[in-house]
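*Asks:* Provide a 3D model corresponding to the input given below.
(chains A and B)
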Amino acid sequence: MNFTLKVWRQANAKSAGRLETYAAKEIPSDASFLEMIDIVNDHLEADGKEPIAFAHDCREGICGSCSMMIDGVAHGPVKGAATCQVHMRSFKDGQVITIEPWRSVAFPVLKDLVTDRSAFDRIIQAGGYISAPTGGARDANEILVAKSDSDSAMDAAACIGCGACVAACPNGSASLFTGAKIAHLARLPQGQPERYKRVELMVAQMDDEHFGHCTLYGECQAACPKQISIDVIGLMNRDYIVAMATKTPDMAGASGHG
Amino acid sequence: MNMLLTFWRSTIGKKVVMGVTGLIGLGFVIGHMAGNLQAFSGAEKLDAYGALLHGPLHELLLIARVVLIAAVILHITAAYQLTMISRAARPVDYAGRKPQVSTLASKTLKWGGVLLLVFIVFHILHFTIGTVHPDFVDGKVYRNLATGFEVKWVAAFYLVAMIALGMHLYHGAWSSMRTLGLARQSAHPLKRYLPVALAIVISLGFAVIPLAFLLGVLR
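*Replies:* Predicted structure coming up:
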């Protein structure tokens, strides 16, 4: 298969970038999208040109590295798949394919298609964990979890932090990511003691990273390679309302230091 | 106070304010629509309803007006601030972003809202204060409707505004329940049935009045 690529090229975080056109020739239809770029890069390197920089790691849809906007759609045309799980047979022969990095003020472009998504790490660091005392491991069945709770917690925990939700959102909102991280702990007994402090701190961090707000377009859910439901946003909002409504003045003074 | 300020400063807090004030507006338009439909029971009935609101129930009317004005101001302030936050969230835009599931209603929510604001101001000047009405007579509600809708472009503007209202409600009524965390978990969270019915009933419920006058059903 042959394609024409329009790829965002940007030398570093400070320089201006632009779309460059490349020919991708004789690509096997069973090549993954990343393998297609690998082939193009081999030719670029053979010609002594700078290869296209893109982030990748597991290439099996679980690491969340291979984030790119393919023809205006986060992770490309295949539903419930990361870019690495998209194959060239999903495109038409001779198609012009535009490839851009995620666009968010919180995800600065480092080079070409590679963005810095540390903002997500900082949201997790703000409260996306449970504090557990060290000591002997507790018996696995000591804490009973309803099947429905465990299922919905696992659905939320499927988030790989790729950033497609932010990338696809018309508002550049991180609500699906933050909601998923809050929901997967809020739906389990282990997450209960710090539930409301967690949502307060994580939402504050999400706003501090300058992500946009949620209008419930639903684009995040459509873009998510793990098909996480916008239900998690409702849970986050409800918990945030409860957190704010039940906050005591004492806690108010301590906020931000948790 | 600290908590309220933190809440208002957060994007979720502003969305919650928009949801609550939107639902206040929804409650109002349902009542307003029900009141309007009395036009089909004749001039006496409608004028008597107007006299009831401005007479024995005038304190209730005053409270409703204060609440509504506060709700509109909060709704617009939050919408404006959130729009600015979202614009700043994507300083470099895509060469092309293709929406996958966004509805026309969600895409037009912002400017539809602006249109509704313009309409509300016009509507108050038209039928409440009467300054943009060609022949306004205080208390003659039915007569004011009839003479007001004789101006064709005005009637057309009302109809356009009611389409905008229906679309605004279609997205807003649905999304506010999700914003407030009141919606149940769903396997298909984007599917909505009640908001479709609500939007159609309300926009049609309002639109039948100018339509009836345009078509001569009411005169």
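
*Asks:* relative to chain A, how far out is the residue positioned nearest the centre of chain B?
*Replies:* The centroid of chain B falls nearest to B:L165 when counting by Cα atoms, centre = their mean (5.3 Å). With distances taken as Cβ to the nearest Cβ, to the nearest Å, B:L165 is found 18 Å from chain A. C-beta: built from backbone N, CA, C; applies to glycine.

*Asks:* tell me the secondary structure at the residue nearest to that residue when sequence neighbours are not counted.
*Replies:* The spatial neighbour of B:L165 that comes closest, neighbours along the chain excluded (Cβ to Cβ, 6 or more residues apart in numbering or on different chains), is B:S203 at 5.5 Å. Counting by DSSP: H, G, I helix; E, B strand; the rest coil, the backbone at B:S203 sits in helix.

*Asks:* who are the contact partners of B:S203?
*Replies:* Applying Cβ atoms under 8 Å, 6 or more residues apart in numbering or on different chains to B:S203 gives the contacts B:162-163, B:165-166, B:169.

*Asks:* repeat for A:D57
*Replies:* Counted by Cβ under 8 Å, 6+ apart, A:D57 has contacts A:63, A:65-66.

*Asks:* which ones are touching whichever residue of chain B sits closest to chain A?
*Replies:* Of all residues in chain B, B:G181 sits closest to chain A, at 2.5 Å by Cβ to the nearest Cβ. Shown in contact with B:G181 (Cβ under 8 Å, 6+ apart): A:234-239, A:241.

*Asks:* one step back: for the residue nearest to the centre of chain B, give its distance to B:F206.
*Replies:* Distance, B:L165 to B:F206, using Cβ to Cβ, to the nearest Å: 7 Å.

*Asks:* joint contacts of these two?
*Replies:* B:V29.

*Asks:* got phi/psi on the closest residue to chain B within the stretch 1-150 of chain A?
*Replies:* Scanning the stretch 1-150 of chain A for the residue nearest chain B gives A:G72, at 3.6 Å (criterion: Cβ to the nearest Cβ). Torsion angles at A:G72 (phi, psi; degrees, to the nearest 10) stand at phi 80, psi 0.

*Asks:* for the closest residue to it other than its chain neighbours, phi and psi?
*Replies:* Of all residues not flanking A:G72 in the chain, B:K98 sits nearest, at 3.6 Å (Cβ to Cβ, 6+ apart). Taking degrees, to the nearest 10, you get phi -100, psi 110 for the backbone angles of B:K98.

*Asks:* just give me the neighbour total for B:K98.
*Replies:* Burial of B:K98 is recorded as 15 neighbouring residues (other Cβ atoms under 10 Å in any protein chain shown).

*Asks:* my read: it touches A:V73, true?
*Replies:* Yes: using Cβ atoms under 8 Å, B:K98 makes contact with A:V73 at a distance of 5.4 Å.

*Asks:* buried residues of the helix or strand hosting B:V66, list them for me.
*Replies:* Using DSSP states H and E, B:V66 sits in helix B:58-89. Buried residues in helix B:58-89, counting neighbours by 16 or more other Cβ atoms under 10 Å in any protein chain shown, are found at B:64, B:68, B:71-72, B:74-75, B:78-79, B:82, B:85-86, B:89.

*Asks:* farthest pair within those?
*Replies:* Farthest-apart pair in those is B:A64 and B:A89; separation 36.6 Å (Cβ to Cβ).

*Asks:* if I pick the residue nearest to A:G72, what's in contact with it?
*Replies:* B:K98 neighbours (Cβ under 8 Å, 6+ apart): A:71-73.

*Asks:* pLDDT score for it?
*Replies:* B:K98 is assigned 95 on the pLDDT scale.

*Asks:* quick check: phi and psi on residue 113?
*Replies:* Defaulting to chain A. According to degrees, to the nearest 10, A:L113 has phi -100, psi 0.

*Asks:* ok, it touching A:R9?
*Replies:* No: counting by Cβ under 8 Å, A:R9 is not a contact partner of A:L113; they are 9.0 Å apart.

*Asks:* overlap in contacts of those two?
*Replies:* The contact lists of A:L113 and A:R9 share A:I52, where a contact means Cβ under 8 Å, 6+ apart.

*Asks:* comparing these two, which residue is more hemmed in?
*Replies:* Neighbour count, other Cβ under 10 Å: between A:L113 and A:R9, A:L113 has more, with 25 against 17.

*Asks:* do you know the pLDDT at the residue nearest to that one when sequence neighbours are not counted?
*Replies:* Leaving out its chain neighbours, the residue that sits closest to A:L113 by Cβ to Cβ, 6+ apart is A:F54, at 4.2 Å. pLDDT for A:F54: 97.

*Asks:* mind listing what A:F54 touches?
*Replies:* Contacts of A:F54 (Cβ under 8 Å, 6+ apart): A:34, A:37, A:66, A:68, A:112-114.

*Asks:* kindly report the same for A:Q190.
*Replies:* Contacts of A:Q190 (Cβ under 8 Å, 6+ apart): A:130, A:132, A:143.

*Asks:* let me know the pLDDT of the residue sitting furthest away from the middle of chain B.
*Replies:* Going by Cα atoms, centre = their mean, the residue of chain B most distant from its centre is B:A95, 34.6 Å out. Looking at B:A95, its pLDDT is 94.

*Asks:* now do A:V105
*Replies:* 97.

*Asks:* ok, it touching B:R90?
*Replies:* Yes: using Cβ under 8 Å, A:V105 makes contact with B:R90 at a distance of 6.6 Å.

*Asks:* joint contacts of these two?
*Replies:* A:G172.

*Asks:* more neighbours: those two, which one.
*Replies:* Between A:V105 and B:R90, B:R90 has the larger neighbour count (other Cβ under 10 Å), namely 24 against 17.

*Asks:* and the residue nearest to the centre of chain B, helix, strand or coil?
*Replies:* helix.

*Asks:* ok, A:A23 next?
*Replies:* Reduced to three states with three-state DSSP, the structure at A:A23 is strand.

*Asks:* could you measure it against A:A53, distance?
*Replies:* 19 Å.

*Asks:* looking only at neighbour counts, state which of these two leads.
*Replies:* The residue with more neighbours, out of A:A23 and A:A53, is A:A53; 17 against 10, by other Cβ under 10 Å.

*Asks:* what ranges does chain B have for its helices?
*Replies:* B:2-9, B:11-36, B:43-54, B:58-89, B:104-107, B:109-123, B:141-148, B:152-179, B:194-215 (DSSP state H).

*Asks:* now do the stretch 101-250 of chain A
*Replies:* A:118-127, A:147-157, A:164-168, A:175-186, A:195-208, A:219-223, A:231-245, A:249-254 (DSSP state H, counting those that start in this stretch).

*Asks:* thinking again about what came up before, and the buried residues of helix B:58-89 near chain A, which?
*Replies:* B:82, B:85-86, B:89 (Cβ under 8 Å from any Cβ of the partner chain).

*Asks:* with distance to B:K140 and pLDDT as extra columns, can I get those residues in JSON lines?
*Replies:* As requested, these are exported to JSON lines (distance: Cβ to Cβ, whole Å; pLDDT from 0 to 100):
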{"residue": "B:L82", "distance to B:K140": "42", "pLDDT": "97"}
{"residue": "B:I85", "distance to B:K140": "47", "pLDDT": "97"}
{"residue": "B:S86", "distance to B:K140": "46", "pLDDT": "96"}
{"residue": "B:A89", "distance to B:K140": "51", "pLDDT": "97"}
